[in-house]
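# Give me the fold of what follows.
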Amino acid sequence: MQIEFARIDSDSARFVLSGATPAFANTLRRAMIGEVPTLAIEDLRIYDNSSVLFDEILAHRLGLIPIKTDLTRFVKQDRCSCEGAGCPLCSVTFTMSVEGPGIVYSGDLISDDPETRPVHDDIPIVKLFEGQKVVLEARAVLNTGTEHAKWQAVTACGYKTYPVITITENCDACGMCIDECPRGVLELKDRKARVVDGKLEECSLCKLCEKACLTTGIGLEPAISIGSDTSRFIFVVESDGSLPVPTIIEKGLEYIRNQSTDLADTLSEIAGVN
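Numbering: from 1, shown residues only. Model (predicted):
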């Protein structure tokens, strides 16, 4: 198994996973979406809310604000020594006190930990009119996307099988396949259609070029055929900013390894008993 990165930074990554099965590729995707922990607001104590939003809607909007998370400093509540009571090892407290007129933004959340704050300060929460107030205290805790989508560390995480484009000698350079390709993957060169250098991975496997090939009109098989390599996968991962993308990928792979190890240990125990 091999991973080749075409692009990677703190916000996004694009890579090719080779030598894997569709099952493993989907497991990795699901692990990055649902098993990488982040901080999100879970508990609220609202002292004053005279805005147009009900308390429940306000709580929902606050919960969806991404929060910068350092996984080396926090643990999930069910593993904390405080047993879920709330302490600096498993939670962060935010306070907010805003009076209208004006718009309440995520930057109005004041954290008791300067290193743990909303990813963006300009996320609008609610508009306040004259005399309206929002005064509250919120607690963010660590959890995973399998519990609720607000704990997902990614905004986009998906893959496709690696495209394989085959052009036969039947190609008469009519150019119809090139005109139909929505991503500019094909070009004419030496009186034959060919894949533009460096554009193969842009193919969306829509097969419009295959359907447009004029050779089918004279009873021949299409001169161009689109397939896929089911052992290679192109991944695109985008973070919501709470965690860097390299950390998301690492933690996703770590989760798969730990689950596999636990399963192997359980099977060994069962075999030993029998």
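# Could you use CA atoms for every contact and neighbour count after this?
Noted.
# hang on, isn't Gly19 packed against Glu4?
No: distance between Gly19 and Glu4: 11.5 Å, which falls outside the contact criterion (CA atoms under 8 Å).
# packing partners for the helix ranked longest in the chain?
With DSSP state H setting the assignment, residue counts place helix 245-273 as the longest helix in the chain. Using 3 or more CA pairs under 8 Å, 6 or more residues apart in numbering; DSSP states H and E as the contact criterion, the neighbours of helix 245-273 among helices and strands are helix 22-34, strand 224-239.
# Compare those and give me the one nearest Ala271.
Of all these, the one in closest proximity to Ala271, counting by CA to CA, is helix 22-34 (25.4 Å).
# what comes up buried for stretch 226-243?
Taking 16 or more other CA atoms under 10 Å as the neighbour-count basis, stretch 226-243 is seen to contain the buried residues 226, 232-243.
# the inter-axis angle of the longest helix of the chain versus strand 224-239?
Computed by axes from the mean of the first three to the mean of the last three CA atoms, to 10 degrees, the angle separating helix 245-273 from strand 224-239 equals 100 degrees.
# for helix 245-273, the distance to its chain's centre please.
A distance of 22 Å separates the centroid of the chain from that of helix 245-273, by CA atoms, centre = their mean, to the nearest Å.
# Can you give me the buried ones in that helix?
By 16+ other CA under 10 Å, the buried positions in helix 245-273 come out as Val245, Pro246, Ile248, Ile249, Lys251, Gly252, Leu253, Glu254, Tyr255, Ile256.
# Turn the residues you listed into a markdown table, columns for pLDDT and distance to Gln132.
Output for these, formatted as a markdown table (pLDDT from 0 to 100; distance: CA to CA, whole Å):
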| residue | pLDDT | distance to Gln132 |
| --- | --- | --- |
| Val245 | 96 | 39 |
| Pro246 | 96 | 43 |
| Ile248 | 97 | 40 |
| Ile249 | 96 | 43 |
| Lys251 | 96 | 43 |
| Gly252 | 96 | 44 |
| Leu253 | 95 | 47 |
| Glu254 | 95 | 47 |
| Tyr255 | 95 | 46 |
| Ile256 | 95 | 49 |
